[in-house]
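S.K.: fold the following, please.
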Amino acid sequence: MKHLLLAALLISLTNSVFARDNFKICWSIYVGWMPWAYGAEHGIVKKWADKYDIKIDVVQINDYVESINQYTAGAFDGCSMTNMDALTIPAAGGVDSTALIVGDFSNGNDGVVLKDKKSLAEIKGQTVNLVELSVSHYLLARALDSVGLSERDLKVVNTSDADLVSVYGTSDVTSVVTWNPLLGEILTNPSSNLVFDSSKIPGEIIDLLVVNTDVLKENPNFGKALVGAWYEIMATMSGDDAAAKEAKTFMAEASGTDLTGYEAQLANTEMFYQPSQALSLTNSSELKTTMQQVAEFSFDHSILGEGAPDAGFVGIETPSGIYGDPNNIKLRFDPTFMQMAADGKL
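M.R.: Down below sits the predicted model:
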């Protein structure tokens, strides 16, 4: 009996010592992810973490792709990223990842810019600077399709998002593809012309908070706290009162612009302020179709991992069905926690 009691005590002590109660997420500057800066600074994330007796550190990473790389390497439990990058970096790299929050889709926040040229067709023969193999690259491919061109008709130069604005200011750079707030800054140049943007492909560039699936399964309170905090922030910033103005002003300044500039970015973003809006997209059959298009683009550009035999190599699970290999599901659109928010059960 003493041995049984001792064993029970050891198990209890082991569980208390190794219980996971500390988590880290990261984000980078983009209109749809600035709420994380506000939520961290104003104690909203802490409030929800405290509710579930956990701690969540929210860390800004200045380079977008680097933030995803760090998440993929295991330095963070969650990271803000787009649907395409979630597929091609962590999922293709073997990290089972879940889109916990579907925050918005780009509706003009990503664009193709030509210097001193006004027609998209004039991009032929030019050198285009962008973050290679990112959603900017995907947007370029979709833009080229619309005018009967392909990447064979131009040269793509990989450029960090941290350098795009300064690079565009040089005389030998004639075209860039990027996202806000960088896009807005580039468009202030009088020689800049926006010739294609994401409003032409609505619902295809989706902004997410992605978390490690295993971490989420083992620690559902981690998901509850993040989703609860997110929709509290959404409720604040979607209003028309002083609190909303204060929140958006903070987000604007944190992203290097002012309230007018940030609201202009929001105007080009289909923000899902209510969980019901996010659920509408997440549960739709269109999401599966979009992810198939993204997977096909990614396969054509050899970014689905070494040895990927086809576009369906990585399984993508959505509420309307699975695209790709059901035995290799590494990206999941799980509406569970957003549904809990919609039902008031967080």
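
S.K.: can you tell me the element residue 291 falls in?
M.R.: helix 285-300 (DSSP states H and E).

S.K.: who are the packing partners of that helix?
M.R.: Judged by 3 or more Cβ pairs under 8 Å, 6 or more residues apart in numbering; DSSP states H and E, helix 285-300 is in contact with helix 83-86, helix 135-146, strand 315-318, strand 321-323. C-betas here are computed from N, CA, C, even on glycine.

S.K.: out of these, which one sits most buried?
M.R.: Among these, ranked by average contacts under mean count of other Cβ atoms under 10 Å, first place goes to helix 83-86 (a mean of 27).

S.K.: could the helices and strands packed on helix 285-300 be laid out in CSV, adding distance to residue 226 and mean pLDDT?
M.R.: Conversion of the helices and strands packed on helix 285-300 to CSV gives the following (distance: least, Cβ to Cβ, whole Å; pLDDT from 0 to 100):
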stretch, distance to residue 226, mean pLDDT
helix 83-86, 16, 96
helix 135-146, 22, 94
strand 315-318, 20, 98
strand 321-323, 25, 98
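
S.K.: looking at these, which is closest to residue 25?
M.R.: Nearest of the helices and strands packed on helix 285-300 to residue 25, taken as Cβ to Cβ: helix 83-86 at 13.9 Å.

S.K.: so how far is the following helix or strand past that closest one from its chain's centroid?
M.R.: Using DSSP H and E, the helix or strand that follows helix 83-86 towards the C-terminus is strand 97-106. Mean C-alpha position of strand 97-106 versus that of the full chain (Cα atoms, centre = their mean, to the nearest Å) differs by 6 Å.

S.K.: and the angle from the helix or strand following strand 97-106 to helix 135-146?
M.R.: Downstream of strand 97-106, the first helix or strand assigned by DSSP H and E is strand 110-115. Put simply, strand 110-115 runs at 70 degrees to helix 135-146, going by axes from the mean of the first three to the mean of the last three Cα atoms, to 10 degrees.

S.K.: can you list the strands that strand 110-115 pairs with?
M.R.: strand 175-179 (antiparallel), strand 192-197 (antiparallel) (DSSP bridges).

S.K.: distance check, residue 342 against residue 283.
M.R.: Separation of residue 342 from residue 283 (Cβ to Cβ, to the nearest Å): 11 Å.

S.K.: next: residue 169.
M.R.: Computed as Cβ to Cβ, the residue 169 to residue 283 distance reads 44 Å.

S.K.: with residue 89 instead?
M.R.: Separation of residue 89 from residue 283 (Cβ to Cβ) stands at 25 Å.

S.K.: so those two - more neighbours on which side?
M.R.: Neighbour totals were compared for residue 89 and residue 283, and residue 89 leads with 22 against 16 (other Cβ atoms under 10 Å).

S.K.: who's in contact with that one?
M.R.: Counting by Cβ atoms under 8 Å, 6 or more residues apart in numbering, residue 89 makes contact with 65, 68-69, 72, 81.

S.K.: show me which of those is closest to residue 202.
M.R.: Nearest to residue 202, judged by Cβ to Cβ, of the contacts of residue 89 is residue 81 at 19.2 Å.

S.K.: parallel or antiparallel, list what pairs with the helix or strand the closest one falls within.
M.R.: Residue 81 is located in strand 78-82, with elements delineated by DSSP H and E. In the sheet, strand 78-82 lines up against strand 22-27 (parallel), strand 206-212 (antiparallel) (DSSP bridges).

S.K.: restricting to C-alpha, output the last one in PDB.
M.R.: Extracted as PDB, the C-alpha positions of strand 206-212 are listed here (Å, rounded to 0.1, in the frame of the first residue of the first chain):
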ATOM      1  CA  ILE A 206      -5.800  34.800 -45.700                       C
ATOM      2  CA  ASP A 207      -4.200  36.100 -42.500                       C
ATOM      3  CA  LEU A 208      -4.100  33.600 -39.700                       C
ATOM      4  CA  LEU A 209      -2.700  32.800 -36.300                       C
ATOM      5  CA  VAL A 210      -1.200  29.400 -36.600                       C
ATOM      6  CA  VAL A 211      -0.300  27.300 -33.700                       C
ATOM      7  CA  ASN A 212       1.500  23.900 -33.200                       C
END
